[in-house]
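> need a 3D model of the following:
(one chain, ligands or ions: 2)
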Amino acid sequence: MSNLSRRKLIRTGLAATAGASGLAVAARLADRYGLIPPDHGGMYGPGETLTYASQRLLTRHSLAREFPSSQISKPPFANPTAPLSETFKRLQAGGFADWRLAVDGQVARPATLSLAELKRYPSRSQITHLACEEGWSYIAEWTGVPLAHVLDVVGVLPQGRYVVYFSIEPDWWDSIDMADALHPQTLLAYGLNGSELAVGNGGPLRMRVPRQLGYKNVKFITHLTVTDDLKRFGKGLGSGSPEAGYHWYAGI
Ligand SMILES: Nc1nc2c(c(=O)[nH]1)N[C@H]1C(S)=C(S)[C@@H](COP(=O)(O)O)O[C@H]1N2
Ligand SMILES: [Mo]
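Residues are numbered from 1 along each chain as shown. Ligands and ions are numbered 1, 2, ... in the order given. Below is the predicted model of the structure:
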């Protein structure tokens, strides 16, 4: 993929998708260049592949829009989560001093990091839009450590292609490819609108992927794994969401 000019791919294939047989052509090309999403099977498979492959090629380096502080929504909308576990409540009672982020998989130096350690890394703040697939959205200022920095600390091995991330809520896990994982706006967020990230919005630690829909922004992150193969996780669709009918790739 890296050696391929996007112009060339567009010329040789994706442009053909305007035609009737285009989807099949796009799927073949996407496969050749490693652009098949893990949930490509089923009725919408070719279309899903086309969306992911063409977005990746056209918007790989683009930034999600950032807003002026005058446009921050008040208050930030907190979509209710399921009741939190006793384990979570115990950690919360301790001010999250014992919260840990484990980072493992295809990395040179697996690590277990506290929030204090994460907060000592370089931070980034950005005012972006979070949109739920159910139709509501809000603009807020997120602060956190770029995921790229954490990946740099642990040293992603050359074969690593995806980052799988897990919540303390067992049903909530997801994954992104390296283009999104290394993207400068992808944060492990611990702050919102200048304060600690509230539990309602995913505190103490949340994945913030502003180039994808709300559900990819998993709350209460405890574990990251670098992998080249999403088939080993859950039902092999790259996330819990496709198991419930949502697409793995939710680019906006
Ligand atoms: N752990 C966990 N993460 C989650 C959810 C959840 O229920 N549990 N809901 C998701 C959905 S569907 C959306 S739209 C956003 C909502 O984020 P908000 O509460 O900050 O508005 O969080 C996402 N992350
Ligand atoms: Mo959502």
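
> going forward, measure contacts between C-alpha atoms and count neighbours the same way
Will do.

> tell me the contacts of T225?
With contacts defined as C-alpha atoms under 8 Å, 6 or more residues apart in numbering, T225 is in contact with V103, D104, G105, Q106, V163, V164, Y165.

> okay, buried residues for stretch 220-231 please.
For stretch 220-231, the buried set under the neighbour-count rule, 16 or more other C-alpha atoms under 10 Å, comprises F220, I221, T222, H223, L224, T225, V226, T227, D228, L230.

> for the contacts of T225, which one is nearest S73?
The shortest approach to S73 among those belongs to Y165, at 27.4 Å (C-alpha to C-alpha).

> could you say which helix or strand holds that closest one?
In the assignment (DSSP states H and E), Y165 maps to strand 162-167.

> quick one: D39 from ligand 2, how far?
For D39, the distance to ligand 2 under the criterion C-alpha to the ion, to the nearest Å works out to 19 Å.

> could you measure from that residue over to ligand 1?
Applying C-alpha to the nearest ligand atom, to the nearest Å, one obtains 18 Å for the distance of D39 from ligand 1.

> hmm, back to that, may I see the buried residues of the strand holding Y165?
Taking 16+ other C-alpha under 10 Å as the neighbour-count basis, strand 162-167 is seen to contain the buried residues Y162, V163, V164, Y165, F166, S167.

> and Y165, what pLDDT?
At Y165, the model reports a pLDDT of 98.

> which residues does it form beta bridges with?
On DSSP bridges, the residues paired with Y165 through beta bridges are D174, L224.

> ok, it - contacts?
With C-alpha under 8 Å, 6+ apart as the criterion, the residues that contact Y165 are W173, D174, S175, V218, I221, T222, H223, L224, T225.

> still on that earlier bit, let's have the contacts of T225 in JSON lines, adding distance to ligand 2.
Formatted as JSON lines, the contacts of T225 follow (distance: C-alpha to the ion, whole Å):
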{"residue": "V103", "distance to ligand 2": "26"}
{"residue": "D104", "distance to ligand 2": "28"}
{"residue": "G105", "distance to ligand 2": "28"}
{"residue": "Q106", "distance to ligand 2": "30"}
{"residue": "V163", "distance to ligand 2": "20"}
{"residue": "V164", "distance to ligand 2": "19"}
{"residue": "Y165", "distance to ligand 2": "17"}
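
> quick check, nearest of those to ligand 1?
Each of these was checked against ligand 1 using C-alpha to the nearest ligand atom; the closest is Y165, at 10.4 Å.
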